[in-house]
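[1] When you get a sec, could you give me coordinates for this:
(4 chains)
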Number of protein chains: 2
Amino acid sequence: MAIENVYNKNSLKKVAEKAGVSIATVSRVINNSPNVNPETRIRIEKIVKDLKYTPNRVAKRLRNRNASGNLLGVLIPDIQNPFYIEVLRGIEDVAYKKKYALIVCNFSQDETKEKLYLDILQSESVDGLIAAPTHEHDQKVINVVKTGLPIVCVDRGLVDADVDVVLVDNRKGAFTAVDYLAKKGYKRIAYISGIPNLPSSRERELGYRDALDANSLPAYDELIRYGDSRHDSGVKLCDELLNLSKPPDAIFTGNNLITLGALETIHKKGLKIPDDVAIIGFDDMYWSISLNPPLTAVRQPAYEIGKCAAEQLISRITNPDRPTSNMILKTELMIRNSC
Amino acid sequence: MAIENVYNKNSLKKVAEKAGVSIATVSRVINNSPNVNPETRIRIEKIVKDLKYTPNRVAKRLRNRNASGNLLGVLIPDIQNPFYIEVLRGIEDVAYKKKYALIVCNFSQDETKEKLYLDILQSESVDGLIAAPTHEHDQKVINVVKTGLPIVCVDRGLVDADVDVVLVDNRKGAFTAVDYLAKKGYKRIAYISGIPNLPSSRERELGYRDALDANSLPAYDELIRYGDSRHDSGVKLCDELLNLSKPPDAIFTGNNLITLGALETIHKKGLKIPDDVAIIGFDDMYWSISLNPPLTAVRQPAYEIGKCAAEQLISRITNPDRPTSNMILKTELMIRNSC
DNA sequence: GTGAAAGCGCTAACAC
DNA sequence: GTGTTAGCGCTTTCAC
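    Just a heads-up that it's a prediction; the model follows:
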C-alpha cells in the first residue's frame, strides 16, 4: 500500500509535545476535567485549535468500551419503506444534536443479515442501539439486550425482555380506518396484512376485526390475506383479492409498501378508485396527496417515533438505571379521496 | 454506571489461554495467515467456535488505521430523496457481501453538518467513503481526498480532485425528456431546477436548452425557476409558474422531490394533467406508476449507481494505485401518462 | 496541578 | 511453526 492515509497525525501526544506537558494533562483539558491550571488550560486549548486536533473516536471507544463512544447503532428491517426513513430522520436529528454518529444497518427482513449486523454493531462497541426486531420473540435481539447494551425498540416490542419501546397504537389506528370505511357504507372490506408474525400486523388485524364487529359486518376469511410487508406482496395479494368471484368493495392495506403495490394492481386492472374499489392505507407519506387518487391513510408519526427513540436511548445511556418505559404515540386518520 | 456491558469478554487472549498458545498464533488462525500447524489451527478453530469469539473491530481499526477495518462511510445530501435511498441500497448490498458495515451520514444539504460528519468519518478511521458533495468545488470533501482516503463520488463530481466518480449523463437525460415534450407539441416548456450550483442541475438545464434549441423553441427566462432540490421548492416554484400570465403548457422538474411538490400544487389548483399542464420528471420511483397520473420520467439507475460506487470503492481500497475512473451510466425515459 | 504508566484488543516485526 | 513485544490513541489510577 503505497498511499498512506495522512489524516489525523494529530494525537494527544502531538499536542502534549507542543505544549510541553504530558498527554494526561491534555486529555484533562479535552474532557473538561477539573484539576488543571487555568493558564495551562488556555495554552493547551490554543494549541488544540491551531493543530485542529480532534480526538480519535476509535481509540476512545477501545478504551471505554460501553460509553461515550458517541456512536449509535440503528437496525432497520427495510430501508425502502418510507416509514423507516422518517424514523431514521427523527433519530438522526437528535443524534446529530448530541454529536452521536449512526451506524445504520438495513437487514431487509433477512434474519441472517440481522444477526450479522447485530454482531458487527456489538463488535463496534456502539453505545446503544435502536432496533426494530423481526418479531417480538427475536432471540438475537433479546440476547443483545441481555448483554446490558442500552436498546430502544421501535415499531415492535420484545416479549420477555425489559426494553424501552416506542410505537403507535396499531389496533386503534386500524380500527379508525376500517370503522371509517364501514361508516361510509362499504360492506366487503378486505385486509392485506404484512408479515403475520409481526406484532404490528396482528394488532392491525385485531383493529380491523374490532371495526367489522362494531359495525356488525362479518369477517370473511377470503378477504384477509397475509403477505410479507413488501411492495410485491401488495401487488400480488391485491390481484388475488380482485379476482375473487365476490371481490371486496374496499381494501385496508397493512402498510406503506403494500398500499403502493395494491394501487399498482388496481391501476393495471383499469379499476376506478373509489368507485370500483376503495382503498385506505396504514402509513401516510408526504406525497400521499399526489397519488392517484389522493390517498386516505392512517398516519403514524414516524419522525416523532425516531426522535423519541433516540432521546430515550441517549437518556438510558447516561442513566442506565432508569426503569424502562413504553411510549405509545397516536395515529391520525388522514382523510383524502380514496374512499 | 452500575450496568456493565458484558458483551465480548472474548478476546484473542481468552482463546489463546484456552488453547495453550500465544495470541499471535490465534491471530494467525483468525486471519488465515500461513505458517501455522494444521493441527493447532484446527484446535484453535474449534475453541474460537465454542467461545463464539469474534474479533473486536474497534481494536483492529485502531491498529491498522487505513485498511481492513471493514467500515465504509456514506455521505448523503438528503435521505428523504428516494434517489439516494436507492443508491444506498445498492451500496449496502455490495458492502454486506464483502462484510463491510456502513456509517451513514445524512447532512440534509447543510454544509456545517457535512463538515462535522466528514470529521467524524475520518475520526472513525473508515476505510473509504462514498459521498455526494454539495457541489463540485466542495473544499471539505476535496481536503479529505487529499489525505489519501479512498473516495468515490456519486451523482456529482469534484473539480481539481482526482477521484472516482459514478453518475449519469444528466444533460442527455434531460434532453431526452424535453425533446419528447417538444415532439409532442408542447410550446411553453418550463424547467424547475434544483440547487443551481449543483453540476447535475446545470447539466440538466443544458439538456433542457439543447432540446428547446433542437426543436426551434425559444427559452423564456420566466419559465426557468431555481429552487433547492426539495419538495417545498417544487410546491412553491410550480405555483409561481402556474400563476404566470402566460403559464407553461408543460413542466420539466429537476428531481424527484420537486416533481412531487409540483404535483401537489397542480392538484391543489384543480388542474388536469396532462390537459391543463403536462409534467415530466427527472428521477423515477418504483411507485411512479401509482401517481396521479402515472408519471412520465427520466429514470436514473440509482441502485446500480450505488452498486458501482461501492465496487469501485472497495476495489480502490484493495488497490490504491489504480487510476481513477469516471463511470457514466445511462438514463432511460419511462413513458407513462403525464404528458 | 501534573506526570508516569497500565491497559483496552489487535497486528506485525522479529526472534527463536 | 510459534512466542514476545511494541504500539495504535486514549483514559484513569496512583504517585508526587
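
[2] contacting residues around residue A:40?
    A:19, A:21, A:25, A:29 (CB atoms under 8 Å, 6 or more residues apart in numbering or on different chains). Where you see a C-beta, it was placed from the backbone N, CA and C, and this is true even at glycine.

[3] which non-adjacent residue is nearest residue A:203?
    residue A:170 (3.7 Å; CB to CB, 6 or more residues apart in numbering or on different chains).

[4] Cross-check the contact I'm expecting between that neighbour and residue A:194.
    No - applying CB atoms under 8 Å, one finds residue A:170 not in contact with residue A:194, separated by 10.7 Å.

[5] quick one, what contacts residue A:228?
    If you count contacts by CB under 8 Å, 6+ apart, residue A:228 has them with A:109, A:194-195.

[6] Following the chain onward from whichever strand or helix holds residue A:241, which element is next?
    Here residue A:241 sits within helix A:231-242, counting by DSSP states H and E. Sequence order places strand A:250-253 as the next helix or strand after helix A:231-242, per DSSP H and E.

[7] in its sheet, what does that following strand sit against?
    Strands that pair with strand A:250-253, judged by DSSP bridges, come out as strand A:189-193 (parallel), strand A:278-282 (parallel).

[8] what sits up against the helix or strand following that strand?
    Under the assignment DSSP H and E, the closest C-terminal helix or strand after strand A:250-253 is helix A:256-268. Here helix A:256-268 makes contact (CB under 8 Å, 6+ apart) with A:78, A:80-83, A:192, A:194, A:227, A:229-239, A:242, A:251, A:253, A:273, A:276-277, A:279, A:281-283, A:285, A:291-292, A:295, A:297, B:286-287, B:289-290, B:294.

[9] let's see it at 6 Å
    A:81-83, A:192, A:230-231, A:234-235, A:238-239, A:253, A:281, A:283, B:287, B:289-290 (CB atoms under 6 Å, 6 or more residues apart in numbering or on different chains).

[10] quick one on the thing from earlier: now tabulate the strands paired with strand A:250-253 in CSV and tack on mean pLDDT.
    Below are these laid out as CSV (pLDDT from 0 to 100):
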stretch, mean pLDDT
strand A:189-193, 98
strand A:278-282, 97
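
[11] re earlier: what helices or strands is the helix holding residue A:241 leaning on?
    Contacts defined by 3 or more CB pairs under 6 Å, 6 or more residues apart in numbering or on different chains; DSSP states H and E place helix A:231-242 against helix A:256-268.

[12] Next, the angle from the helix it packs on to helix A:231-242.
    50 degrees (axes from the mean of the first three to the mean of the last three CA atoms, to 10 degrees).

[13] for helix A:256-268, which positions count as buried?
    Buried residues in helix A:256-268, counting neighbours by 16 or more other CB atoms under 10 Å in any protein chain shown, are found at A:256-267.

[14] Run the chain-centre distance for it.
    Relative to the centre of its chain, helix A:256-268 is centred 23 Å away, using CA atoms, centre = their mean, to the nearest Å.

[15] next one: stretch A:202-214
    On the basis of CA atoms, centre = their mean, stretch A:202-214 sits 24 Å off its chain's mean C-alpha point.

[16] Correct me if wrong: residue A:223 contacts residue A:193.
    No - when contacts are counted by CB atoms under 6 Å, residue A:223 is not listed as touching residue A:193 (11.1 Å).

[17] Compare those two (neighbour count), which wins?
    Higher neighbour count among residue A:223 and residue A:193: residue A:193, with 26 against 22, using other CB atoms under 10 Å in any protein chain shown.

[18] thought that one was touching residue A:201?
    Yes - assessed by CB under 6 Å, residue A:193 is found in contact with residue A:201 at 4.9 Å.

[19] List phi and psi for residue A:285.
    The phi and psi torsions at residue A:285 (degrees, to the nearest 10) take the values phi -130, psi 160.

[20] contacting residues around stretch A:172-180?
    By CB under 6 Å, 6+ apart, stretch A:172-180 touches A:204, A:207-208, A:210-211, A:252, A:280, A:298, A:331, A:333.

[21] What residues does the residue nearest to residue A:203 make contact with?
    Per CB under 6 Å, 6+ apart, neighbours of residue A:170: A:200, A:203-204.

[22] Contact partners for residue A:222?
    Per CB under 6 Å, 6+ apart, neighbours of residue A:222: none.

[23] Does it fall in a helix, a strand, or a coil region?
    Classification of residue A:222 using DSSP: H, G, I helix; E, B strand; the rest coil returns helix.

[24] list the buried ones in the strand or helix carrying residue A:312?
    Assigning secondary structure by DSSP H and E places residue A:312 in helix A:302-318. By 16+ other CB under 10 Å, the buried positions in helix A:302-318 come out as A:302-314, A:316-317.

[25] what does stretch A:45-65 give?
    For stretch A:45-65, using 16+ other CB under 10 Å, the buried residues are A:47-48, A:53, A:55-62, A:65.

[26] With just CA atoms, put it into CSV.
    Taking Å, rounded to 0.1, in the frame of the first residue of the first chain, the C-alpha atoms of stretch A:45-65 are listed here in CSV:
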residue,chain,number,x,y,z
GLU,A,45,-6.7,24.9,24.2
LYS,A,46,-5.0,27.3,21.8
ILE,A,47,-2.7,24.6,20.6
VAL,A,48,-5.5,22.2,20.1
LYS,A,49,-7.2,24.8,18.0
ASP,A,50,-4.0,25.5,16.0
LEU,A,51,-3.3,21.9,15.3
LYS,A,52,-7.0,21.3,14.6
TYR,A,53,-6.7,18.4,16.9
THR,A,54,-9.8,16.1,17.2
PRO,A,55,-9.8,13.1,19.5
ASN,A,56,-9.6,9.8,17.8
ARG,A,57,-13.0,8.2,18.3
VAL,A,58,-11.7,4.7,17.7
ALA,A,59,-9.2,4.8,20.4
LYS,A,60,-11.7,6.4,22.7
ARG,A,61,-14.1,3.5,22.1
LEU,A,62,-11.5,0.9,22.5
ARG,A,63,-10.6,2.4,25.8
ASN,A,64,-14.0,2.9,27.3
ARG,A,65,-16.0,0.0,25.9
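
[27] quick one, domains of chain A?
    Domains of chain A are assigned by automatic domain parsing as A:3-63, A:71-168+A:303-330, A:170-299.

[28] what's the span of the longest one, first residue to last?
    Looking back up the chat, that one is domain A:170-299. Using CA to CA, to the nearest Å, the end-to-end distance of domain A:170-299 comes to 11 Å.

[29] From the chain's centre, how far out is that domain? Work that out for me.
    Using CA atoms, centre = their mean, the offset of domain A:170-299 from its chain centre is 22 Å.

[30] if we can go back for a sec, select from the contacts of stretch A:172-180 the one having the most neighbours.
    Neighbour counts for the contacts of stretch A:172-180 peak at residue A:252, which has 33 neighbours (criterion: other CB under 10 Å).
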